[in-house]
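S.K.: Sequence first, then the predicted structure, then my questions.
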There are 2 protein chains.
Amino acid sequence: MKPNLEWLKEHILLSDKTAISQAITLVESSRTEDKAKAHELLNWAIQQQKPSYRIGITGVPGAGKSTFIETFGKMLIERGNSLAVLAIDPSSSRSHGSILGDKTRMNELSKRPEAYIRPSAAGKTLGGLAGNTREAMVICEAAGFNYILIETVGVGQSETAVKNMVDFFLLLLIAGGGDELQGMKRGIIEMSNAIVINKADGPNALQVQATKTEYARAVSLFPLDESGQKTRVMSCSALTGTGMNEVLQMIEDFKSKTANYKESNRQQQAFLWMTKTIESNLLENFYSLEKIKKELQRAKELIAQGKRDPLSAAHEVLSHYFETKNAT
Amino acid sequence: MKPNLEWLKEHILLSDKTAISQAITLVESSRTEDKAKAHELLNWAIQQQKPSYRIGITGVPGAGKSTFIETFGKMLIERGNSLAVLAIDPSSSRSHGSILGDKTRMNELSKRPEAYIRPSAAGKTLGGLAGNTREAMVICEAAGFNYILIETVGVGQSETAVKNMVDFFLLLLIAGGGDELQGMKRGIIEMSNAIVINKADGPNALQVQATKTEYARAVSLFPLDESGQKTRVMSCSALTGTGMNEVLQMIEDFKSKTANYKESNRQQQAFLWMTKTIESNLLENFYSLEKIKKELQRAKELIAQGKRDPLSAAHEVLSHYFETKNAT
């Protein structure tokens, strides 16, 4: 890693996009020689964090996430804000369409000095598919972006991880009364703070209204979320701008109603982040041992053959681990 | 633990309720001297398991779970089946009403030789609130009960654990259009294979039909579950018996449509059971170390003060662990 830390720090504070990109590459690096530097940079960045609002945006391929973020981002900038867009792309492990592949995405937004866009490949850590998104977020907040948008394609497990790092979770859908949700993971509707039906334009507008009514009915049956809020349901056209002011207003309204909750939730998220990091490291260490790999394979075969109950199998594998540990 | 294993095995095969209860107490025991015996018994039991269908039943307090299980259980027996009812009671850690407290529950059912009822307090394992329910289930299946009903009160985290050990997950509700769900954990609706609105009797019947229609609309928006099935929505009165045949028929229908899925799902559940057991033991071992407790406390304080980012804090705690480990 070439750039020195002092140069990075100085230029992150100036919202220099090159420095931000290099810093994110550094904290994403899995090279041993980068780790100490990455931790030093993160410890510095966390103390430089400016107030921000973190929004997770997910939706099926074709829901118009890019257009939505482009329009939404420009509206934020018009109101004096800045924003960083971090995309989590699971396309390496699943075949549901790539975020990175689309070179023309957010074309206008990416040219604005107030916006920073980072397509970040999903990490492979045990702790979740969100990889180093949390760390990238901290760098962006040190650089002063006051809105952080995290984009996922909504087909895998990354949504739970994203839910655990944002203040607001938005599900972007299109008209279709549930059909378009097939293929998504169950649970995503109940996870959302708002469901926004996009593409309310042209001949499609009527169907969008019908879909909106259906979702509004559905979410009225859900329990309140942990901040005591109901799930919001809205429609918009990111293409024409119809309804986009209302979407922004709805998020601002949620933000002001949950200001206290946000602080305690962020603290919980930070503890969870530490815990997940510790636990995934411990387990990675355990599963990488050759002896454990062999014993696990054997245990799985015995279970599949109905010759061993899972509890006893687990304790057999563990006994090999603690034996080894005590012997060294 | 008094009874010897040979006596237990022999009497479990005779569906002797005393032996079953003693066996479950043995596998639930946290005493070191019971562990080897418990593992031997479980390894034996898993090879004695008879075919079974496992149903998770959850619902808010007041939804009529006991009456439902009493009526449903008697119907199963009339059709030549036998059943074990295992209740997970989180009342020790939460204050949402106790399953165990109600002494008159399932009075008739408990007197039938074809039914075994076990109110089992929730365990405190890291792996989930479901404690030793999986192990109790294996004992009951060795005893030949061909339906296993697992009951929870639906307010905590135990539902995910139960979902991971059953073939069918049923959410029992009453009329109220969502109001009665307040206080439950979000996500429970999308987790369910069927939503059954109970108490469709007397002046309440009309309102139940309206609630049923609302839920039917809502679930039509959900993605299919992993077995490719839609969530079913029905109504019944467990008290008068109205609709109970249809509920049973609906479950039988699901069962026959997902026969192949059930087998692969059970294998996955068994692997997950082993993995969870291993991981919770490893983590328990880690968190019980005095040095780690102290370091974690310190890390949390630094995070709360904004002086440390969670990733670096995690690596500091880990360095103390691996140092200690390598030093021994």
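M.R.: Now that the structure is in, tell me what you want to look at.
S.K.: for chain A, longest helix please?
M.R.: Longest helix in chain A by number of residues, with DSSP state H as the criterion: helix A:259-287.
S.K.: got the buried residues for it?
M.R.: Neighbour-count burial for helix A:259-287, counted by 16 or more other C-beta atoms under 10 Å in any protein chain shown, picks out A:262, A:265, A:269-271, A:273-279, A:281-283, A:286. Heads up, the C-betas are built off the backbone N, CA and C, glycines and all.
S.K.: Any part of that helix near chain B?
M.R.: Yes - using C-beta under 8 Å from any C-beta of the partner chain, helix A:259-287 reaches chain B at A:267, A:270-271, A:273-275, A:277-279, A:281-283, A:285-286.
S.K.: Next, format these as TSV and append pLDDT.
M.R.: Output for the residues of helix A:259-287 next to chain B, formatted as TSV (pLDDT from 0 to 100):
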residue	pLDDT
A:267	93
A:270	93
A:271	95
A:273	91
A:274	94
A:275	94
A:277	90
A:278	94
A:279	94
A:281	90
A:282	93
A:283	93
A:285	91
A:286	94
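S.K.: Would you mind giving those residues as CSV with distance to residue B:195 added?
M.R.: Shown next, in CSV, are the residues of helix A:259-287 next to chain B (distance: C-beta to C-beta, whole Å):
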residue, distance to residue B:195
A:267, 35
A:270, 36
A:271, 34
A:273, 35
A:274, 38
A:275, 34
A:277, 38
A:278, 38
A:279, 34
A:281, 40
A:282, 39
A:283, 36
A:285, 43
A:286, 40
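S.K.: which one of these is nearest residue A:151?
M.R.: residue A:273 (19.6 Å; C-beta to C-beta).
S.K.: who's in contact with the closest one?
M.R.: A:134, A:164, A:165, B:310, B:311, B:314 (C-beta atoms under 8 Å, 6 or more residues apart in numbering or on different chains).
S.K.: Narrow these to those in helices?
M.R.: Using DSSP H, the contacts of residue A:273 in helices are A:134, B:310, B:311, B:314.
S.K.: okay, now the second one: neighbour count?
M.R.: Summarising burial for residue B:310: neighbours were counted as other C-beta atoms under 10 Å in any protein chain shown, giving 26.
S.K.: follow-up on the earlier one: relative to helix B:259-287, how tilted is the longest helix of chain A?
M.R.: If you take axes from the mean of the first three to the mean of the last three C-alpha atoms, to 10 degrees, helix A:259-287 sits at 90 degrees to helix B:259-287.
S.K.: thinking again about what came up before, which of the residues of helix A:259-287 next to chain B are the two that sit furthest away from each other?
M.R.: A:267 and A:286 (29.1 Å).
S.K.: and residue A:282, what does it touch?
M.R.: With C-beta under 8 Å, 6+ apart, residue A:282 has these contacts: B:282, B:283, B:286, B:318, B:321.
S.K.: so the fourth one sits in a strand?
M.R.: No - residue state for residue B:318 (DSSP: H, G, I helix; E, B strand; the rest coil) corresponds to helix; a strand is not indicated.
S.K.: Am I right that it is in contact with residue A:279?
M.R.: No - the criterion here is C-beta atoms under 8 Å, and residue B:318 misses it with residue A:279 at 10.0 Å.
S.K.: hey, where'd the helices end up in the stretch 151-300 of chain A?
M.R.: In the stretch 151-300 of chain A, the helices defined using DSSP state H, counting those that start in this stretch lie at A:158-163, A:188-191, A:205-219, A:244-257, A:259-287, A:290-304.
S.K.: who does the shortest one touch, helix- and strand-wise?
M.R.: Packed against helix A:188-191 by the contact rule (3 or more C-beta pairs under 8 Å, 6 or more residues apart in numbering or on different chains; DSSP states H and E) you find helix A:158-163, strand A:168-173, helix B:188-191.
S.K.: Mind doing that once more with 10 Å?
M.R.: Under the contact criterion of 3 or more C-beta pairs under 10 Å, 6 or more residues apart in numbering or on different chains; DSSP states H and E, helix A:188-191 touches strand A:53-59, helix A:158-163, strand A:168-173, helix A:205-219, helix B:188-191.
S.K.: what distance separates that helix from the middle of the whole chain?
M.R.: With C-alpha atoms, centre = their mean, to the nearest Å as the basis, helix A:188-191 stands 14 Å off its chain's centre.
S.K.: Please apply the same query to the third one.
M.R.: Its chain's average C-alpha position is 26 Å from that of helix A:205-219, according to C-alpha atoms, centre = their mean.
S.K.: name the helices or strands packed onto it?
M.R.: strand A:168-173, helix A:188-191, strand A:194-197, strand A:232-235, helix B:205-219.
S.K.: Show me which residues of the stretch 51-200 of chain A sit near chain B.
M.R.: A:60, A:126-127, A:132, A:134-135, A:138, A:160, A:173, A:176-192, A:195 (C-beta under 10 Å from any C-beta of the partner chain).
S.K.: Turn the helices and strands packed on helix A:205-219 into TSV, including mean neighbour count, distance to residue A:152 and mean pLDDT.
M.R.: Below are those laid out as TSV (neighbours: other C-beta atoms under 10 Å in any protein chain shown; distance: least, C-beta to C-beta, whole Å; pLDDT from 0 to 100):
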stretch	mean neighbour count	distance to residue A:152	mean pLDDT
strand A:168-173	25	10	96
helix A:188-191	22	10	89
strand A:194-197	26	15	96
strand A:232-235	22	19	97
helix B:205-219	18	24	93
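S.K.: Would you mind saying which of those lies nearest residue B:15?
M.R.: Nearest of the helices and strands packed on helix A:205-219 (C-beta to C-beta): helix B:205-219, 37.1 Å.
S.K.: Can you check what angle separates the closest one from helix A:205-219?
M.R.: Using the same axes, to 10 degrees: helix B:205-219 against helix A:205-219 is 120 degrees.
S.K.: how near is the residue most central in space within chain A to residue A:222?
M.R.: Against the mean C-alpha coordinate of chain A, by C-alpha atoms, centre = their mean, the closest residue is residue A:162 at 3.1 Å. Counting by C-beta to C-beta, to the nearest Å, the gap from residue A:162 to residue A:222 is 19 Å.
S.K.: what do you get for residue A:181?
M.R.: 15 Å.
S.K.: Low-confidence bits of chain A, can you list those?
M.R.: Scanning chain A for pLDDT under 70 picks out the ranges A:1-2, A:89-104, A:120-131, A:154-157, A:177-178, A:324-328.
S.K.: list the contacts for residue A:39?
M.R.: A:27, A:135, B:308, B:309, B:311, B:312, B:313, B:314, B:315, B:316 (C-beta atoms under 10 Å, 6 or more residues apart in numbering or on different chains).
S.K.: Assign residue A:308 to helix, strand or coil.
M.R.: Judged by three-state DSSP, the three-state class of residue A:308 is coil.
S.K.: how far away is it from residue B:44?
M.R.: Distance from residue A:308 to residue B:44, by C-beta to C-beta: 11 Å.
S.K.: Please say which of the two ends up with more neighbours.
M.R.: A direct count of neighbours by other C-beta under 10 Å for residue A:308 and residue B:44 places residue A:308 higher, at 24 against 16.
S.K.: The more buried one and chain B: what is the separation?
M.R.: According to C-beta to the nearest C-beta, to the nearest Å, residue A:308 and chain B sit 6 Å apart.
S.K.: separation between residue A:231 and chain B?
M.R.: Where chain B is concerned, residue A:231 sits at a distance of 9 Å (C-beta to the nearest C-beta).
S.K.: Identify the residue nearest that residue in space, chain neighbours excluded?
M.R.: residue A:219 (4.0 Å; C-beta to C-beta, 6 or more residues apart in numbering or on different chains).
S.K.: Tell me which helix or strand residue A:87 sits in.
M.R.: Assigned by DSSP states H and E, residue A:87 belongs to strand A:83-89.
S.K.: Buried ones in that strand, by neighbour count?
M.R.: Quick answer for strand A:83-89 (16+ other C-beta under 10 Å): A:83, A:84, A:85, A:86, A:87, A:88, A:89.
S.K.: out of those residues, who's nearest residue B:69?
M.R.: Closest to residue B:69, out of all of the buried residues of strand A:83-89 and judged by C-beta to C-beta, is residue A:88, at 43.0 Å.
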